[in-house]
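> What follows is a protein structure lacking sequence information:
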């Protein structure tokens, strides 16, 4: 269905004449679920498109799942409160942040064996990304208001970038610009990775607690999702807010599918909000797909427009995690 047809369908849902008609079906559905099980909290997911594998940060380990079968291929052990996983295919390495170890584990993507550790000077390295323009891995130090700049070829930290607040997720445009949400400030920092300096810091109001971040590189738009239930769209060229869309509260990730112009935001409330990009400055909510309470992070397979999400049936503070599940969401 094209964007114009979707717009007509949504107008129909809002009109009194349409109240007696069946609701428009979601354009996406939960195609499969896989019971992965096991103890431990979780954080970010990273999809390895070359090998069709999903890396899941799982506290004291990283689960590696075959996305074709849902089988657990391996559990990478020796991790100290895993947060994020960044892949550098050219080096055949993955980089895993150890929040309680203040270091980054280096994993061989061919053998899935840990081949080294890189110490960082910041506390609680959390989200981590690879910036292709500089060739550096960037670890967001959650308790130090800084970013550790790592040279993956030398296996060492080169420097740190001081921030005005607590960094959450970040994104690179591939041209030397990195954008990172500052969770405690409700702001967005723009970083030049050629000089490792902060160029600007922009407000994200009415956003509170920005977490997940994704980029539309073609239109130079930044998507930040917020704890208080907003998706904020920022113009990456000047920091101007161009749109805001209501989403479920408590998201911890967001993804953008450039081929379809679709944005996905999972929330702890148990829904996956699906938003259509009409153009660079206009957006339309098209579905709130039920998933499971506690589902808040995701990974996107852009080639097949498939979303991977994880959650647990029991995920309450003070109780053991149980019923850990992988959800596979596909377009109809």
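All right, it came through fine. Please read all numbers here as calculations on a predicted model, not as lab measurements.

> C-alpha from now on. contacts and neighbour counts both.
Will do.

> Could I get the buried residue list for the helix or strand harbouring residue 309?
Using DSSP states H and E, residue 309 falls within strand 306-314. In terms of neighbour count (16 or more other C-alpha atoms under 10 Å), strand 306-314 has its buried residues at 306, 307, 308, 309, 310, 311, 312.

> Same check on stretch 227-238?
227, 228, 229, 230, 231, 232, 233, 234, 235, 236.

> The last one reaches residue 220, doesn't it?
This points to residue 236. Yes - with contact defined as C-alpha atoms under 8 Å, residue 236 counts as touching residue 220 (5.3 Å).

> Just the pLDDT at residue 286, thanks.
On pLDDT, residue 286 comes in at 96.

> Pull out the buried positions in the strand or helix carrying it.
Under the criterion of DSSP H and E, residue 286 resides in strand 282-290. If you call a residue buried by 16+ other C-alpha under 10 Å, then strand 282-290 has these buried ones: 283, 284, 285, 286, 287, 288, 289.

> So the residue nearest in space to the middle of the chain: helix, strand or coil?
Nearest to the mean C-alpha position of the chain, by C-alpha atoms, centre = their mean, lies residue 253 at 3.7 Å. Taken by DSSP: H, G, I helix; E, B strand; the rest coil, the conformation at residue 253 corresponds to coil.

> Name the nearest residue to it, sequence neighbours excluded.
Distances taken as C-alpha to C-alpha, 6 or more residues apart in numbering put residue 212 closest to residue 253, at 3.8 Å, once the chain neighbours are dropped.

> and that neighbour, what is it in contact with?
168, 169, 170, 181, 224, 225, 226, 251, 252, 253, 254 (C-alpha atoms under 8 Å, 6 or more residues apart in numbering).

> Reformat these as JSON lines; add distance to residue 326 and pLDDT.
Output for those, formatted as JSON lines (distance: C-alpha to C-alpha, whole Å; pLDDT from 0 to 100):
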{"residue": "168", "distance to residue 326": "23", "pLDDT": "98"}
{"residue": "169", "distance to residue 326": "22", "pLDDT": "98"}
{"residue": "170", "distance to residue 326": "24", "pLDDT": "98"}
{"residue": "181", "distance to residue 326": "26", "pLDDT": "98"}
{"residue": "224", "distance to residue 326": "24", "pLDDT": "99"}
{"residue": "225", "distance to residue 326": "22", "pLDDT": "98"}
{"residue": "226", "distance to residue 326": "23", "pLDDT": "98"}
{"residue": "251", "distance to residue 326": "17", "pLDDT": "97"}
{"residue": "252", "distance to residue 326": "16", "pLDDT": "97"}
{"residue": "253", "distance to residue 326": "15", "pLDDT": "98"}
{"residue": "254", "distance to residue 326": "17", "pLDDT": "98"}
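
> Now the two most distant members of the residues you listed.
Using C-alpha to C-alpha, the pair of those lying farthest apart is 170 and 251, separated by 14.8 Å.

> Which one's more surrounded, the two?
residue 251 (33 against 26; other C-alpha atoms under 10 Å).

> Cross-check the contact I'm expecting between the more buried one and residue 296.
Yes - counting by C-alpha under 8 Å, residue 296 is a contact partner of residue 251 at 5.1 Å.

> Identify the contacts common to these two.
Common neighbours of residue 251 and residue 296 (C-alpha under 8 Å, 6+ apart) are 265, 266, 267, 268.

> Packing partners of the one helix or strand residue 147 maps to?
Under the criterion of DSSP H and E, residue 147 resides in strand 146-151. For strand 146-151, the packing partners by 3 or more C-alpha pairs under 8 Å, 6 or more residues apart in numbering; DSSP states H and E come out as strand 136-141, strand 156-162.

> right, so the ones you listed: which one is the most enclosed?
Mean neighbour count, computed with mean count of other C-alpha atoms under 10 Å, is highest for strand 136-141 among the helices and strands packed on strand 146-151, reaching a mean of 27.

> Out of the buried residues of stretch 227-238, name the two that are farthest from one another.
Distance extremes for the buried residues of stretch 227-238: the farthest pair is 228 and 236 at 22.4 Å, using C-alpha to C-alpha.
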